[in-house]
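>>> Make a model of this:
(one chain, ligands or ions: 1)
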Amino acid sequence: MQTAPSQVHASKSSLGEGSALVPSLVVSIHDVSTVTKTRVVAMIEDLKAAGVPVTSLLVIPDHHHKGRIDADPEFGEWLREATREGSGQGDQGHEAVLHGFYHLRPTKKGEGLATQMITRSYTAGEGEFYDLSREEASSLLLQGNAALAAFGITPTGFIAPAWLLGEQAEMAVRDEGFDYTTRIGEVIDCKNGCSFPARSMVYSVRAPWRRGVSLLWNEALFYALNESPLLRIGLHPPDWDHQSIRDHALSCIRKAAATRQVTTYARWLDQWRVSGH
Ligand SMILES: [Zn+2]
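As a prediction, this is how the structure comes out:
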């Protein structure tokens with residue numbers, strides 16, 4: 001959904017009042033599922049040692065059809081404990097965010113080249129919410145909420161796989177009552193449509209050349225974002241398979257956590273709202 005001019009104005013004015021916002025760091029772990037849980041547990045440990053006791057955990061209910069979270073009591077117990085108040089820092093816990101349902105986009109017949117480039121090449125076919133109808137998106141969101149509800153968890157945020165959220169799907173996210181969503185360059189308050197510009201750091205590790213470019217890009221981005229009120233760092237489980245990527249991410253995170261409030265998207269949104277955007 002395009003941001004209306006009035007909304008752009010609103011987001012700019014909120015940046016103008018940015019002094020009211022405490023400089024913050026949100027680290028998100030994407031693709032948390034029954035498939036990746038062991039790796040995610042290790043990432044959480046490393047992040048805690050780097051000064052980040054709370055993260056936003058982007059949970060896939062049935063990762064590539066390989067195992068529903070609500071059919072895995074051990075996963076449920078772990079997620080419930082991780083998101084429990086008091087499990088992280090002080091009275092806070094990690095946040096569970098709904099992140100697609102299968103994290104897989106079925107290939108459709110008659111796709112144009114541009115669509116193919118975006119959905120197959122850029123995202124390796126994982127842009128599940130890129131071109132769903134409003135009804136299809138709503139159905140998956142409801143199923144995702146039900147899967148998390150099995151553990152007594154009600155997510156307030158939805159983040160589309162690969163941040164590819166189509167217009168129809170964004171309407172569905174609002175329809176289903178989510179508080180916020182994010183794209184790679186912004187956080188969107190679903191209740192009023194305001195958008196907060198904040199580019200996320202994210203690594204690409206699928207090929208050696210991507211890892212090389214990714215390190216240079218994220219190094220530059222980290223310094224470019226030094227003054228930004230909200231620093232977002234998005235991590236994926238495969239990042240931890242590559243020592244150079246893991247070291248770089250943890251180094252940036254350590255530096256940022258020393259000078260910024262470490263929080264989750266949901267709690268950051270609360271502060272943004274209080275700041276009067
Ligand atoms: Zn993902």
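
>>> So which residues on the stretch 1-150 of the chain come close to the ion?
Proximity of the stretch 1-150 of the chain to the ion (Cβ under 5 Å from the ion) is limited to residues 30, 31. Every C-beta, even on glycine, is put in place using the N, C-alpha and C of the backbone.

>>> Poorly predicted segments of the stretch 1-150 of the chain, please.
Applying pLDDT under 70 to the stretch 1-150 of the chain flags residues 1-19, 86-91, 107-124.

>>> residues of the strand of greatest length in the chain that come out buried?
In the chain, taking DSSP state E as the definition, the longest strand is strand 24-32. Residues of strand 24-32 classed as buried: 24, 25, 26, 27, 28, 29, 30, 31, 32 (neighbour count, 16 or more other Cβ atoms under 10 Å).

>>> Ramachandran angles for residue 97?
Backbone dihedrals for residue 97, given as degrees, to the nearest 10, come out at phi -120, psi 140.

>>> give me the beta-bridge partners of it?
For residue 97, the beta-bridge partners are residue 58 (DSSP bridges).

>>> if I pick the closest residue to the ion within the stretch 151-277 of the chain, what's in contact with it?
Closest to the ion within the stretch 151-277 of the chain is residue 161: 4.4 Å, counting by Cβ to the ion. Neighbouring residues of residue 161 by Cβ atoms under 8 Å, 6 or more residues apart in numbering: 60, 99, 100, 103, 105, 123, 126, 127, 128, 129.

>>> quick one: what helix or strand has the residue nearest to it when sequence neighbours are not counted in it?
Nearest residue to residue 161 in three dimensions, chain neighbours excluded: residue 100, at 4.2 Å (Cβ to Cβ, 6 or more residues apart in numbering). Assigned by DSSP states H and E, residue 100 belongs to neither a helix nor a strand.

>>> Please verify my assumption that residue 236 contacts residue 28.
No: applying Cβ atoms under 8 Å as the test, residue 236 and residue 28 come out as separate, 9.7 Å apart.

>>> how about the strands in the stretch 1-150 of the chain?
For the stretch 1-150 of the chain, the strands defined by DSSP state E, counting those that start in this stretch cover 24-32, 56-59, 95-98.

>>> Confirm for me that residue 233 is in contact with residue 26.
Yes: the pair residue 233 / residue 26 is scored as a contact, 7.5 Å apart, by Cβ under 8 Å.

>>> hang on, isn't residue 268 packed against residue 24?
Yes: applying Cβ under 8 Å, one finds residue 268 in contact with residue 24, separated by 5.5 Å.

>>> Which neighbours do the two have in common?
The contact lists of residue 268 and residue 24 share residue 230, where a contact means Cβ under 8 Å, 6+ apart.

>>> re the thing from before, could you dump the contacts of residue 161 into a markdown table and include neighbour count?
Putting these into a markdown table (neighbours: other Cβ atoms under 10 Å) gives the following:
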| residue | neighbour count |
| --- | --- |
| 60 | 29 |
| 99 | 28 |
| 100 | 29 |
| 103 | 27 |
| 105 | 22 |
| 123 | 17 |
| 126 | 21 |
| 127 | 25 |
| 128 | 26 |
| 129 | 29 |
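
>>> ok, of those, which one's closest to residue 250?
Of all these, residue 250 sits closest to residue 99, with 22.3 Å by Cβ to Cβ.

>>> so what's the backbone phi/psi at the closest one?
Dihedral angles (degrees, to the nearest 10) for residue 99: phi -130, psi 80.

>>> show me what contacts it?
30, 31, 32, 58, 59, 60, 158, 159, 160, 161.

>>> quick one: contacts for the fourth one?
When contacts are counted by Cβ under 8 Å, 6+ apart, residue 58 is found next to 28, 29, 30, 31, 32, 97, 98, 99, 159.
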